[in-house]
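J.: Have a look; sequence and predicted model below, questions after that.
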Amino acid sequence: MNKDRLTVIPPGHALSGKVSPPGSKSITNRALLLAGLARGTSRLTGALKSDDTRYMANALRAMGVAVDEPDETSFVVTGTGRLEAPSGPLFLGNAGTATRFLTAAAAAVEGIVIVDGDEHMHKRPIAPLVIALQSLGIKAEAPTGCPPVTIEGQGHFGTGRVEIDAGLSSQYVSALLMAAPLAPEGTTEPVTIALTGKEIGARGYIGLTLDAMVAFGAKVEQVDEATWKVLPTGYRAADFHVEPDASAATYLWAAEKLTGGAIDIGTPAESFTQPDAKAYGVIASFPHMPAEIDGSQMQDAVPTLAVLAAFNNSPVRFTGIENLRVKECDRTRALSLGLNAIREGLAEEDGDDLIVHADPALAGQHLPAEIDTFADHRIAMCFALAGLKVSGITILDPLCVGKTYPGYWDALASLGVEYED
Ligand SMILES: O=C(O)C1=C[C@@H](OP(=O)(O)O)[C@@H](O)[C@H](O)C1
Ligand SMILES: C=C(OP(=O)(O)O)C(=O)O
């Protein structure tokens with residue numbers, strides 16, 4: 001496979017067969033961290049092996065946790081109940097979960113931890129989380145407001161009340177929640193985590209965090225919509241099964257719908273606990289998608305929905321997607337650039353909204369377009385969907401899918417999709 005470019009050949013037939021998405025990135029990285037913070041051996045099954053989870057696993061190894069990989073979907077994690085100071089910076093690529101979660105957990109290390117990532121991560125804001133940590137008396141600094149972050153851990157998390165502005169990322173809240181049980185020895189005082197506003201995008205991810213914490217022995221009380229009280233329990237080892245990735249599933253659901261096929265992903269849409277599973281209902285409404293879609297609670301599915309919308313019967317406006325500008329890339333910009341490269345005027349940015357001017361007549365046309373993915377896995381995966389119906393769609397840097405779905409191109413190929421370099 002050419003590493004620089006891949007052109008999708010429209011299959012000309014319905015895509016049918018069985019393809020299971022890999023394990024959930026969000027749940028794997030939560031389970032890895034909590035298993036690493038626990039004393040004893042935890043077995044994670046159904047887990048994702050990809051760039052993002054490799055960064056988390058390697059960071060834990062660098063902090064003294066034994067992480068074994070007996071097969072392609074399992075991790076066996078043995079922790080001592082505390083993380084050791086790493087000998088050098090933790091390099092976490094562009095993995096938002098690993099970066100945010102480890103920034104808070106680093107407070108419980110005795111010594112200095114530098115949390116760093118690649119050039120894309122150097123543009124992703126982390127100041128609200130750093131400010132929240134400082135308010136608990138934890139020494140943390142991110143001079144640019146983005147990684148690298150330097151944390152001078154005192155061997156435990158803080159106590160008392162911490163407020164967090166999670167407007168830019170729900171991951172800040174998840175990071176504080178997961179670090180909160182790591183209280184100083186002898187403390188019985190809980191940590192109270194409160195949102196400064198009630199609104200939070202992707203609230204469903206907080207649910208994933210709480211579920212994983214409880215599975216590893218934490219005790220959390222939800223005081224109200226915007227406040228949680230976390231007891232100083234630490235974590236205990238557990239065996240934990242990771243469900244398939246709902247964001248990855250959206251590409252398969254959309255491929256099925258766009259081509260009129262039947263793809264069995266092995267998991268019913270209703271049984272996912274991840275927020276992006278909500279996209280199933282919207283995908284099912286194709287080609288009569290709603291005129292306005294609020295993407296705030298299913299943000300990672302918006303790229304999938306936006307490309308699907310290009311083939312819809314009527315235009316779609318995506319709202320509630322301000323945060324898409326601070327993901328792996330500015331996704332709103334990448335989507336509008338990519339759609340307009342396919343056909344000028346297909347998409348428009350209106351403030352932070354994205355309007356997709358649908359054109360069902362696109363299907364079957366030859367519209368050569370090079371899609372700049374900006375190294376963003378979701379931009380690569382969603383524009384491959386356009387390539388199922390339009391010939392000439394070339395995805396640049398196709399291997400960036402390795403962030404969360406390394407087997408993506410093979411999965412489509414197993415359904416009969418072919419490529420050229
Ligand atoms: O907590 C998580 O696992 C995630 C939360 C979301 O990010 P934000 O909270 O930054 O919006 C989502 O986009 C990301 O892929 C995974
Ligand atoms: C936003 C994403 O990732 P993260 O924030 O975990 O890097 C994503 O996977 O779409």
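T.: Structure's in. What do you need? Ligands and ions are numbered 1, 2, ... in the order given.
J.: So what's the residue count around the residue in the stretch 1-150 of the chain that ligand 1 sits nearest to?
T.: Ligand 1 sits closest to residue 26 of the stretch 1-150 of the chain, with a gap of 3.1 Å, by C-beta to the nearest ligand atom. Yep, even glycine has a C-beta here, placed from its N, CA and C like the rest. Number of residues near residue 26 (other C-beta atoms under 10 Å) recorded here: 30.
J.: Backbone dihedrals for it, both of them.
T.: phi -60, psi -40 (degrees, to the nearest 10).
J.: How about it, nearest residue that isn't a chain neighbour?
T.: Closest residue to residue 26 in three dimensions, ignoring its sequence neighbours and counting by C-beta to C-beta, 6 or more residues apart in numbering: residue 208, at 5.6 Å.
J.: To which secondary structure element is that neighbour assigned?
T.: Here residue 208, judged by DSSP states H and E, is contained in helix 204-215.
J.: Any part of that helix near ligand 2?
T.: No. With C-beta under 6 Å from any ligand atom as the measure, helix 204-215 is seen stopping short of ligand 2, the closest distance being 9.6 Å.
J.: Does that helix reach ligand 1?
T.: Yes. With C-beta under 6 Å from any ligand atom as the criterion, ligand 1 is reached by helix 204-215 at residue 205.
J.: Check which helices and strands the helix or strand in which residue 333 is found is in contact with.
T.: In this structure, residue 333 sits in helix 331-342 according to DSSP H and E. Of the remaining helices and strands, those touching helix 331-342 by 3 or more C-beta pairs under 8 Å, 6 or more residues apart in numbering; DSSP states H and E are helix 302-309, strand 347-350, strand 353-356, strand 366-371, helix 377-386.
J.: got the angle for that helix vs helix 377-386?
T.: In this structure, helix 331-342 runs at an angle of 30 degrees to helix 377-386, with axes from the mean of the first three to the mean of the last three C-alpha atoms, to 10 degrees as the basis.
J.: and residue 3, what pLDDT?
T.: Looking at residue 3, its pLDDT is 88.
J.: Touching, it and residue 402? I think so.
T.: No. Counting by C-beta atoms under 8 Å, residue 3 sits too far from residue 402 to count as a contact (11.0 Å).
J.: between the helices and strands packed on helix 331-342, which gets nearest to residue 17?
T.: Using C-beta to C-beta as the criterion, the shortest distance between residue 17 and the helices and strands packed on helix 331-342 is 16.4 Å, found for helix 377-386.
J.: packing partners for that closest one?
T.: In terms of contacts (3+ C-beta pairs under 8 Å, 6+ apart), helix 377-386 is packed against helix 246-259, helix 302-309, helix 331-342, strand 366-371, strand 391-396, helix 408-414.
J.: highest average neighbour count across the ones you listed?
T.: Per residue and on average, the most neighbours among the helices and strands packed on helix 377-386 fall to helix 302-309, with a mean of 28 (mean count of other C-beta atoms under 10 Å).
J.: and the angle from that helix to helix 377-386?
T.: Between the axes of helix 302-309 and helix 377-386, defined by the same axes, to 10 degrees, the angle is 20 degrees.
J.: what about helix 302-309 and ligand 2, any contact?
T.: No. Helix 302-309 lies out of reach of ligand 2 by C-beta under 6 Å from any ligand atom, never closer than 8.2 Å.
J.: Beyond that helix, next helix or strand please.
T.: Next in line after helix 302-309, if elements are assigned by DSSP H and E, sits strand 316-319.
J.: which residues are contacting that next one?
T.: Counting by C-beta atoms under 8 Å, 6 or more residues apart in numbering, the neighbours of strand 316-319 from elsewhere in the structure are 289-296, 302, 305-306, 309, 350, 353-356, 358.
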